[in-house]
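Peer 1: The sequence and its predicted three-dimensional model are supplied below.
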Amino acid sequence: MNDTRPRTALSVALAILLSGFAGEVAAESQIRWETPTKGFVATKGLTSYRAVPAERIGQEKAQKMLEQLREATGTKAKFDGLREIDGRFVFSTNDDPSAVFDLDSRTGAFLFNAGLKGYSEEASTRDLPATKVAPNVARKYLAKLHYLPKNDKELVVSRVGGLAMAAAKDGESSESYQKLVTVYFGRVLGDLRVRGRGSRMLVHLGESSALVGVIRVWTEVEARKVDPEQVKSDERILDEIKRRLYGMAGQAEKIVVEKAELVLFDDGRGVIEPAIYVVTTARYEGPERAKDGVDIPVDFYVPVLLKSEGYYPFQQDAEAKWPGSDAEN
């Protein structure tokens, strides 16, 4: 039920291979900038953040958290199955495979789904909350469960989406049924938006605005002022952006850089630091039927600090045996 976008180097490669075309690697891709190529760090005084150490959660506390969530949702799922996997408690039930409580005992991050067994009929869910009111409903649930951050102004609405279902009959798809409304929350620290693996909450709402699920990946943090001498120059940042573009989309006929903005990157491991978030579209020569070529979205992060302590997706990809993603999860 989590939302992801295919802005990945792997998407680019697969799109080329599966379409049956692969142009020669360009010596220098044509880059068109729709965003300034200087002034990447146009603010005085940067701040990075570190997670406040959290007490490890034991099985007894995990069980209490689960019971609190079960009570808030009114689910009848028993969650009588428990597995411990790499520091995580995973509760499940045979009654409804979609019902799960997956808790990281080290960080407190968790995913809870009360179960979708009652949402399986071929019809849209009755009395779903309207887009305008859903964020307030979701925030009230988080407050009741004591899951709001200490500084609740850090929690901001990213967007409101949902879960839809379509059934196939006689080989043809039926109409789409709206099942849940999902409120996506992000984080702002200072004046900068936090992106990356951490600092997010999702609340799934169902019939009559009932709580159906929660995802919480959030840690309290301590601020650390950044030494100005540790900030990369515009020239170095621009050079790193170009090198990443050539590495990820070097075969493209044209690369359009739509955005290169200063954000805070949360690596999900306790480090939140300034970075440049780059959003581009790479155009590839396609088969004859695609006269205008094929556009593939690509995004990535460039660390701003000379001595970066964050663990970025491109570092993970370099260690992996198969290409990964530089997009948010």
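Peer 2: Thanks, I have it.
Peer 1: so where is the protein shaky, pLDDT-wise?
Peer 2: Residue ranges of the chain with pLDDT under 70: 1-29, 43, 168-174, 288-291, 316-329.
Peer 1: Please parse it into its domains.
Peer 2: The chain resolves into domains spanning 9-50+225-319, 53-110, 116-219 when parsed by automatic domain parsing.
Peer 1: Export those to JSON lines and append columns for mean neighbour count.
Peer 2: C-beta coordinates here come from the backbone N, C-alpha and C atoms, glycine included. Supplementary listing: the domains of the chain in JSON lines, determined by neighbours: other Cβ atoms under 10 Å:
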{"stretch": "domain 9-50+225-319", "mean neighbour count": "17"}
{"stretch": "domain 53-110", "mean neighbour count": "16"}
{"stretch": "domain 116-219", "mean neighbour count": "17"}
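Peer 1: residues in contact with the residue nearest to residue 88 when sequence neighbours are not counted?
Peer 2: Distance criterion Cβ to Cβ, 6 or more residues apart in numbering; nearest residue to residue 88, sequence neighbours excluded, is residue 104 at 5.3 Å. Counting by Cβ atoms under 8 Å, 6 or more residues apart in numbering, residue 104 touches 87, 88, 110.
Peer 1: so what's residue 225 up against?
Peer 2: With contact taken as Cβ under 8 Å, 6+ apart, residue 225 is in contact with 45, 46, 47.
Peer 1: Equivalent analysis for residue 105, please.
Peer 2: Contacts were defined as Cβ under 8 Å, 6+ apart; by that measure residue 105 touches 56, 57, 58, 62, 87, 88, 89.
Peer 1: ok, longest strand in this structure?
Peer 2: In the chain, ranked by residue count with DSSP state E as the criterion, the top strand is strand 172-189.
Peer 1: quick one: the residue nearest to residue 88 from residue 57, how far?
Peer 2: With the distance defined as Cβ to Cβ, to the nearest Å, residue 104 ends up 8 Å from residue 57.
Peer 1: Mind listing the residues bridging to residue 295?
Peer 2: As for beta bridges, residue 295 partners with residue 283 under DSSP bridges.
Peer 1: Make sure it is actually in contact with residue 285.
Peer 2: No. Using Cβ atoms under 8 Å, residue 295 and residue 285 do not qualify as a contacting pair, with a distance of 11.6 Å.
Peer 1: So residue 229, which state does it fall into?
Peer 2: Per DSSP: H, G, I helix; E, B strand; the rest coil, the local secondary structure of residue 229 is helix.
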